[in-house]
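A.B. asks: any chance you could fold what I've pasted below:
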Amino acid sequence: GMFNNYAIVQGVDHIIPVDIYLPGCPPRPEMLMDAILKLHEQIGNEKLGVNRAKIVKEVEASAIAATPIHQIPVFGKQG
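C.D. replies: Numbers count the residues shown, from 1 in each chain. Next comes the predicted model:
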């Protein structure tokens with residue numbers, strides 16, 4: 001990562017995706033707000049963020065139309 005000292009494990013960002021580096025220990029409130037706003041902007045520019053309502057409706061419709069894989073037992077009913 002961009003910070004290099006004894007308390008930081010280097011290279012973790014090659015294993016776990018990192019969207020934003022937030023400097024400071026602890027980070028100042030202004031830096032935290034800036035990071036949140038930048039992350040919000042990144043999320044808004046993603047495909048799901050732009051078309052979220054449309055995609056949610058499509059996923060819900062396909063889930064409703066899907067045939068159940070497992071039969072759910074009805075208790076108290078013999079048959």
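A.B. asks: now the element after the lowest-mean-pLDDT helix or strand in the chain, going C-ward?
C.D. replies: In the chain, no helix or strand scores lower on mean pLDDT, DSSP states H and E than helix 47-50, which sits at a mean of 69. The first helix or strand that comes after helix 47-50 along the chain, using DSSP states H and E, is helix 52-65.
A.B. asks: ok, longest helix in this structure?
C.D. replies: With secondary structure taken from DSSP state H, the chain has its longest helix at helix 29-45.
A.B. asks: point out where this structure drops to low pLDDT.
C.D. replies: Residues of the chain that meet the criterion pLDDT under 70 lie in 1-3, 8-9, 12, 48-49, 68-74, 76-79.
A.B. asks: just want the most central residue of it.
C.D. replies: Compute the mean C-alpha point of the chain, and by CA atoms, centre = their mean the closest residue is residue 43, 8.9 Å away.
A.B. asks: what about that residue, distance to residue 66?
C.D. replies: 28 Å (CB to CB, to the nearest Å). Every residue, glycine included, has its C-beta placed from N, CA and C.
A.B. asks: now swap in residue 51 and tell me
C.D. replies: 21 Å.
A.B. asks: who has more neighbours, these two?
C.D. replies: residue 51 (11 against 8; other CB atoms under 10 Å).
A.B. asks: so what's residue 24 up against?
C.D. replies: By CB atoms under 8 Å, 6 or more residues apart in numbering, the contact list for residue 24 reads residue 31.
A.B. asks: next, it: secondary structure please.
C.D. replies: What DSSP: H, G, I helix; E, B strand; the rest coil gives for residue 24 is coil.
A.B. asks: for it, grab phi and psi.
C.D. replies: phi 110, psi 150 (degrees, to the nearest 10).
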